[in-house]
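*Asks:* Here is the input, now give the coordinates:
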Amino acid sequence: QVQLVESGGGLVQPGGSLTLSCAASGLSSRDYAIGWFRQAPGKEREVVACINSRDGSTLYADSVKGRFTISRDNAKNTAVLEMNNLKPDDTAVYYCKVTNWGDPVGDYWGQGTQVTVSS
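*Replies:* Okay, here's the model as predicted:
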């Protein structure tokens, strides 16, 4: 069974930085994509950034390009999201997601971690 454990998050002032980490267990191969989504109150969940473990290719939401960086450690099945120059609009619950193309195939979500950007 695939399980995701998130860490990081918290309260930060505008312009500050935070780092989120997601550790995945139960993956039988490096055939997956891992990424972060977020959901603010009253809004739909949206993609923030994703990385493909096969080739390291990345995808970012336009709103975070140039401010957020996603990276992965295939040996540890871990993804890290570095968030810089945070804005109040970045306030949301951030969820880690794995799309696994190996065994077991499927989408898996973490429990979510709160990020609050406020002065």
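*Asks:* Skipping adjacent residues, who's closest to the spatially most central residue of the chain in space?
*Replies:* The residue lying closest to the centre of the chain (CA atoms, centre = their mean) is W36, at 2.5 Å. Leaving aside its chain neighbours, W36 sits nearest to V48 (4.4 Å; criterion: CB to CB, 6 or more residues apart in numbering). C-beta: built from backbone N, CA, C; applies to glycine.
*Asks:* Would you mind measuring from the residue nearest to the centre of the chain to A79?
*Replies:* 8 Å (CB to CB, to the nearest Å).
*Asks:* what's the helix or strand for the residue nearest to W36?
*Replies:* Per DSSP states H and E, V48 falls inside strand 46-52.
*Asks:* Note down every partner strand of that strand and its orientation.
*Replies:* strand 32-39 (antiparallel), strand 58-60 (antiparallel) (DSSP bridges).
*Asks:* Give me whichever of these is most buried.
*Replies:* Among the strands paired with strand 46-52, the stretch with the highest mean neighbour count (mean count of other CB atoms under 10 Å) is strand 32-39, at a mean of 22.
*Asks:* circling back to that earlier point, the residue nearest to the centre of the chain and S71 touch, don't they?
*Replies:* No: applying CB atoms under 8 Å, one finds W36 not in contact with S71, separated by 11.7 Å.
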